[in-house]
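**Q** Here's my sequence, what's the structure:
(chains A and B)
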Amino acid sequence: MSAQLKVYNSLTRQKEIFKPINEGAIGMYVCGPTVYSDVHLGNCRTFVSFDVIYRYLLHLGYKVRYVRNITDVGHLEGDVDTGAEDKISKKAKLEQLEPMEVVQKYMNGFHDMMAVFNTLKPSIEPRATGHIVEQIEMVQTIIDNGFAYEKNGSVYFDTVKLAKEGDYGKLSGRIIEDLLVETRDLKNQQEKRHPSDFAIWIKAAPEHLMHWNSPWSVGFPGWHLECSAMSTKYLGNNFDIHGGGNDLKFPHHENEIAQNHGACNCQPANYWLHTNMLLMNGKKMSKSIDPETGISNSIAPEELFTGDNPNISKGYSPMIVRFFMLQSHYSSTLDLTDGALSAAEKAYRRLMEGNKILQELAHPGKESAGDLDKEVNELIDLAYAEMSDDFNAPKALARLFELVPKINGLKAGHLAFDQITADTIEKLKATFNTFIFDIFGLQDDTVAGGGDGEYETLDGLMQMVIKIRQSARENKDWGTADTIRDTLKALKLQLKDGKEGTAWSKE
RNA sequence: GGUCGGGUGGCCGAGUGGCUAGGCUCAGGUCUGCAAAACCUGCUACCGCGGUUCGAAUCCGCGUCCGACCUCCA
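**A** Below you'll find the predicted structure:
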């Protein structure tokens, strides 16, 4: 735990020194997906970003309770007042499934995708439908505290009252007067006192599939309520970190803050972290077809892996995609292009290859803390310091890349081992393993996949082939040697002739 | 229309007042039977116009373009 951890807090709009409420422990809540369709690649970026944050907090030695919810009711499409429809409900009708079948289907898909991206599972993954009781209780408390009112079976949060007594709009920078002016069709606003008020309990229309009994009506909770209720239940009234995509800042997170204020006059999270959007070819991903090119500016994760999409020239493995995401800061937009992905692929290979070489380096013994030793130590320290500076993964990654030539140089003999100590070499090995696998959460897919001895089998085979080729080379039988090399290349296995023999790797 | 955040070299992407990441691409070289890999070397950029400053990619103003959200429209 070298440097002080700093985070950019969306709430205060500045970088702050991170201080957990309880020494050594952190409560973190991240808004999870609404499981009404296949997981969007942009969502994957958000969860990969928080996975790196989670991993780094764990690395720092914190005990982290990471709560990420599943929204399986209440997320509406359109406006409540004008006959909006629950996303899950709508899908259920469309696919002629039970709402819970829809939820299960897409939740499974989401979990599979999270595993593919090698994200750690959250400590608790609560579902909105499993916390209806807590939500009803919270609605009642908010009413009792005078921050909500019931009308025709629905309950609305009184934003104007909060604006007078607290500060509604603080997170998103919205001003209540502006929100009030943004009124349109008044006839649809009959139930609300103010246009900026939002529903926390909604009376169900007869055709609505998902509904529960409550003191006000047979209905269902408003979308924003679940996060307030569940974060309070598992992390308490006041916890450390709340995260999510920045498209959730308003209204979702703003309203969460309002609800918590209304329920207990407290501020839910001390630090709000927001990830930025993933673009494609410079634009927001959109499923609609471009009339000029005839293709849509969107891609599903699976298509990204298989290459089955007109926006890319080939498939990129999940780890390449994860690496690609690590090259930008979580709070910046990231532009997905074929060129950027193929650059990431090469860089990823180079890093993995560098690590493999590093782990096999053995210090010959004659050592001194020379310039090289100093440089390597400085780069290692910098990498940690930058990761502690608002989780700056791209910067930390850059340090690793600055270390790769040193590793290669030592192996090739350009750099002298007597300029570096054995301890530093060991520290470097540990640093690379820690960053690549523990913090960045990458896996090496340049070796054979699967595990279970597959790699050993393949390696044994390769060693045999390399031996055969070597004897052909010694006999100057270039034809045989090249045929072996070309055949392997076609199988995406690359041979690398070096001074100390031939190595191989998967392309 | 409103709120917020951005425009960095051929491409992606860090960087917030002087020391100017990293990856990919490209060019030259070393090594090598050839190639690949590896290594070495080269490539100095910050949307436009003003301003502040000894000094600005970095701060301020205006313009412009892009994105997200809230609207509007459909």
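**Q** which outside residues touch stretch A:329-336?
**A** By C-beta atoms under 8 Å, 6 or more residues apart in numbering, the residues outside stretch A:329-336 that reach it are A:8, A:41, A:45, A:49, A:52-53, A:246, A:273-282, A:299, A:324-325, A:328, A:390-394. In this view, the C-beta of every residue, glycine as well, is placed from N, C-alpha and C.
**Q** What ranges in chain A fall below the confidence cut-off?
**A** Within chain A, the stretches with pLDDT under 70 are A:1-3, A:76-84, A:177-190, A:287-294, A:446-453, A:507.
**Q** Tell me how it divides into domains.
**A** Domain assignment for chain A by automatic domain parsing gives A:20-275, A:283-439, A:454-506.
**Q** which one of those domains is the most hemmed in?
**A** Comparing the domains of chain A by mean neighbour count (mean count of other C-beta atoms under 10 Å), domain A:20-275 ranks first with a mean of 19.
**Q** Do me a favour and get the end-to-end distance for that domain?
**A** One end of domain A:20-275 sits 21 Å from the other (C-alpha to C-alpha, to the nearest Å).
**Q** Could you do stretch A:55-64 as well?
**A** Stretch A:55-64: ends 9 Å apart by C-alpha to C-alpha.
**Q** if we look at it, which residues are touching it?
**A** Contact with stretch A:55-64 is made by A:1, A:5, A:20, A:24-28, A:54, A:120, A:123, A:387-388, A:391, A:434, A:438-441, as judged by C-beta under 8 Å, 6+ apart.
**Q** how far does that stretch sit from the chain's center?
**A** How far stretch A:55-64 lies from its chain's middle: 16 Å, per C-alpha atoms, centre = their mean, to the nearest Å.
**Q** likewise stretch A:329-340?
**A** That offset, for stretch A:329-340, works out to 13 Å (C-alpha atoms, centre = their mean).
**Q** Going toward the C-terminus from the longest helix anywhere in chain A, what's the next helix or strand?
**A** The single longest helix within chain A, with elements called by DSSP state H, is helix A:338-360. Following helix A:338-360 in sequence order, the next helix or strand is helix A:371-387 (DSSP states H and E).
**Q** Which elements pack onto that next one?
**A** On a contact count with 3 or more C-beta pairs under 8 Å, 6 or more residues apart in numbering; DSSP states H and E, helix A:371-387 meets helix A:393-412, helix A:422-433.
**Q** Just want the angle from the last one to helix A:393-412.
**A** Between the direction of helix A:422-433 and that of helix A:393-412, the angle (axes from the mean of the first three to the mean of the last three C-alpha atoms, to 10 degrees) works out to 130 degrees.
**Q** Only alpha carbons, please: show helix A:422-433 as PDB.
**A** What follows is helix A:422-433, C-alpha atoms only, in PDB (Å, rounded to 0.1, in the frame of the first residue of the first chain):
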ATOM      1  CA  ALA A 422      18.700 -10.600  -8.300                       C
ATOM      2  CA  ASP A 423      16.200  -9.100  -5.900                       C
ATOM      3  CA  THR A 424      15.100  -6.600  -8.400                       C
ATOM      4  CA  ILE A 425      14.600  -9.300 -11.000                       C
ATOM      5  CA  GLU A 426      12.400 -11.100  -8.600                       C
ATOM      6  CA  LYS A 427      10.500  -8.000  -7.800                       C
ATOM      7  CA  LEU A 428      10.000  -7.400 -11.500                       C
ATOM      8  CA  LYS A 429       8.700 -10.900 -12.000                       C
ATOM      9  CA  ALA A 430       6.200 -10.400  -9.100                       C
ATOM     10  CA  THR A 431       5.200  -7.000 -10.400                       C
ATOM     11  CA  PHE A 432       4.400  -8.200 -13.900                       C
ATOM     12  CA  ASN A 433       2.400 -11.100 -12.600                       C
END
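**Q** which residues sit against that helix?
**A** With contacts defined as C-beta under 8 Å, 6+ apart, helix A:422-433 is touched by A:354-355, A:358-359, A:361, A:363, A:365, A:367, A:369, A:373, A:376-377, A:380, A:383, A:400, A:403, A:407.
**Q** what subset of the residues you listed is also close to RNA strand B?
**A** A:G354 (C-beta under 7 Å from any atom of the strand).
**Q** check contacts around A:L358.
**A** Counted by C-beta under 8 Å, 6+ apart, A:L358 has contacts A:I407, A:L428, A:K429, A:F432.
**Q** centre of the chain versus stretch A:296-314, how much separation?
**A** Using C-alpha atoms, centre = their mean, the offset of stretch A:296-314 from its chain centre is 19 Å.
**Q** What lies in contact with it?
**A** Contacts of stretch A:296-314 (C-beta under 8 Å, 6+ apart): A:38-39, A:41, A:44, A:113, A:116, A:280-281, A:283-290, A:295, A:315-318, A:321, A:336, A:338, A:341-342.
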